[in-house]
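Colleague: Structure of the sequence below:
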Amino acid sequence: MTPQRIVFKRGDTVMFGVTATDSAGQPVDLSDLTVAAQVRPEKASDPWFADLELVWIDRAQGRFELWAPGNGLTDTWPVGDLRADIQYSQTQGSKVIRRSTETFRVYIDRDVTQ
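Modeller: Residues are numbered from 1 along each chain as shown. Next comes the predicted model:
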């Protein structure tokens, strides 16, 4: 299966609206979970990455947004293919249950209008 590919222009705002759902498509209560997401280059040897900033919309209904850090713009992001996923973590006693979504691709294209 080919990963989803989302295209943005360099310098534009990167924001993902997310609703976490179960296998039946129903919203998942994320009140007891932490959520994290990063964007990284396709090549693992490239040290650049961005921690996406989480904004809760409705935690009990599994709704949140992930934004590019700072002002939300991608002026300093590299042009080309990037990889991302969303990681959900929950503590149960002394154990941590961690699950990540499938990797999806973010493509940063050169901006024409500057």
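
Colleague: buried set for the longest strand seen in the chain?
Modeller: Using DSSP state E, we find that the single longest strand of the chain is strand 80-92. For strand 80-92, burial by neighbour count (16 or more other CB atoms under 10 Å) applies to 82-84, 86, 88. For the C-beta atoms, the positions are set from N, CA and C on the backbone; glycine is no exception.

Colleague: what sits against the closest residue in space to residue 84 that isn't next to it in sequence?
Modeller: What sits nearest to residue 84 in space, not counting adjacent residues and going by CB to CB, 6 or more residues apart in numbering, is residue 39, at 4.6 Å. Neighbouring residues of residue 39 by CB atoms under 8 Å, 6 or more residues apart in numbering: 14, 49-50, 52, 77, 82-84, 106.

Colleague: will you turn the residues you listed into a markdown table that also has distance to residue 93 and pLDDT?
Modeller: Listed next are the contacts of residue 39 as a markdown table, based on distance: CB to CB, whole Å; pLDDT from 0 to 100:
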| residue | distance to residue 93 | pLDDT |
| --- | --- | --- |
| 14 | 37 | 96 |
| 49 | 31 | 95 |
| 50 | 33 | 96 |
| 52 | 29 | 98 |
| 77 | 39 | 96 |
| 82 | 36 | 96 |
| 83 | 32 | 96 |
| 84 | 30 | 96 |
| 106 | 36 | 96 |
